[in-house]
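Peer 1: Fold the following.
(one chain, ligands or ions: 1)
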Amino acid sequence: MAKRIGVLLSGRGSNFEALADSVAAGRIPDAEIAVAVSNREGAPGIDRARARGIETRVIPSKGLQREEHDRLVVATLEERRVDLVCLAGYMRLLSPYFIQKFPQRILNIHPSLLPAFPGLEAQRQALEYGVKFTGCTVHFVDENLDAGPIVAQAVVPVRDGDTPETLAARVLAEEHQLYTEAVRLVLSGKFRIEGRRAIAAEAPRAKAT
Ligand code: GAR
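Peer 2: Predicted structure coming up:
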């Protein structure tokens, strides 16, 4: 039976679209996107999901306690029998309640080589720090910000003339590919977790090594 993916987003939704394209094209085999959930009214990603005929839910987080909101989101995901939760620009920390409901079944993508530059504006942080290489990371989600065992990373060189915008655009192009590879690996089940290390039975990507 097809594995059911639930995508959580707060904004533009380009990573959501990349996943939806990969599912439709069979790059993520035996899977479907069961629902796209946003915590923000008017998130463009939700319009993108609707345009594709994917079920959407907006569950505003404004004014709710973290766990109160998470209970509503978890109920929606459970109703749709979601196997894997993918955070795609979902700008909220998850509560322990949420994490415990989907053990090792929540992924996030972040636009830096974690543990460097967690949090907001990771590409600007990288530029300001002066690193020569940055990139993106897909990791399992735990209660901490941009933490949890790393599934896959891709490296992006920083150019002298980069602005946060030009760097973010090149990182984003890598994000779209990396997320597909990571989701495919996790849904295949061909990996194990040892401590902080997620070890693939097959190499997810030669480029990042
Ligand atoms: C992406 O760059 C994603 O890595 C980042 O937000 C952007 C969302 O873009 N996520 C984080 O910074 C999480 N800490 P998108 O809505 O077009 O996918």
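Peer 1: what helix or strand does the closest residue to the ligand within the chain sit in?
Peer 2: Residue nearest to the ligand within the chain (C-beta to the nearest ligand atom): Gly89, separated by 2.6 Å. C-beta: built from backbone N, CA, C; applies to glycine. If you go by DSSP states H and E, Gly89 is not part of any helix or strand.
Peer 1: And Gly45, by the same measure?
Peer 2: Assigned by DSSP H and E, Gly45 falls within helix 44-51.
Peer 1: average pLDDT across that helix?
Peer 2: The average pLDDT within helix 44-51 is 98.
Peer 1: residues making contact with that helix?
Peer 2: 7, 9-14, 16-17, 20, 33, 36, 38, 55-56, 58, 88-89 (C-beta atoms under 8 Å, 6 or more residues apart in numbering).
Peer 1: does the lengthiest helix in the chain come close to the ligand?
Peer 2: The longest helix of the chain (DSSP state H) is helix 164-188. Yes: contact of helix 164-188 with the ligand (C-beta under 6 Å from any ligand atom) involves 172, 175.
Peer 1: by contact count, what packs against the helix or strand following that helix?
Peer 2: Downstream of helix 164-188, the first helix or strand assigned by DSSP H and E is strand 191-194. Packing partners of strand 191-194 (3 or more C-beta pairs under 8 Å, 6 or more residues apart in numbering; DSSP states H and E): strand 197-200.
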